[in-house]
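Q: With the input below, show me the fold.
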Amino acid sequence: MNENKLKHLEFIQNVITRMNANSFMIKGWMATLVSALLALAAKDADLRFLIIAFFPIPFFWVLDAYYLSQERQFRGLYNSVRVKAEKEIDFSMKASEFAKGDNTWFNTFTSKTLAWFYLPIVALLFLIIAFIKYVPLGKGA
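A: As a prediction, the model looks like this:
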């Protein structure tokens, strides 16, 4: 493999790595924020903190879907450059031509990859609210 192709693939791989790191950080921030709100709800026995904990989830989910769709598009670009001939290497970083099918934002947003992370958190919050609301905790007993 020639030097130009290797360098171009390295550039693309760096972007893929950065998008992946952003997605990982978003998940960490979302988990931290929701956990903090759960801790406040438990400390003060206040249902409002649990309800507030729902609000950041869709924002982080949307942002995470954006970064994951970008990562998928750059993986498409990587695969395209990988099979190019030496004379076709132009160092283009335009991944938008790969924004179709599973690589679109909407398909990424609704993908199993993100749903298996965000939906259990939403379900857990609903369960906690139901438990607190319908199970007497023996206050003042």
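
Q: Other residues contacting the lowest-mean-pLDDT helix or strand in the chain?
A: Least confident helix or strand of the chain, by mean pLDDT, DSSP states H and E, is helix 47-52 with a mean of 84. The contact list for helix 47-52 (C-beta atoms under 8 Å, 6 or more residues apart in numbering) reads 37, 38, 40, 41, 125, 128, 129, 132, 133. In this view, the C-beta of every residue, glycine as well, is placed from N, C-alpha and C.

Q: what number of residues lie near residue 84?
A: By other C-beta atoms under 10 Å, 14 other residues sit near residue 84.

Q: coming back round to it: adding distance to residue 20, write the contacts of helix 47-52 out as TSV.
A: Listed next are those as TSV, based on distance: C-beta to C-beta, whole Å:
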residue	distance to residue 20
37	27
38	27
40	31
41	32
125	27
128	31
129	33
132	37
133	39
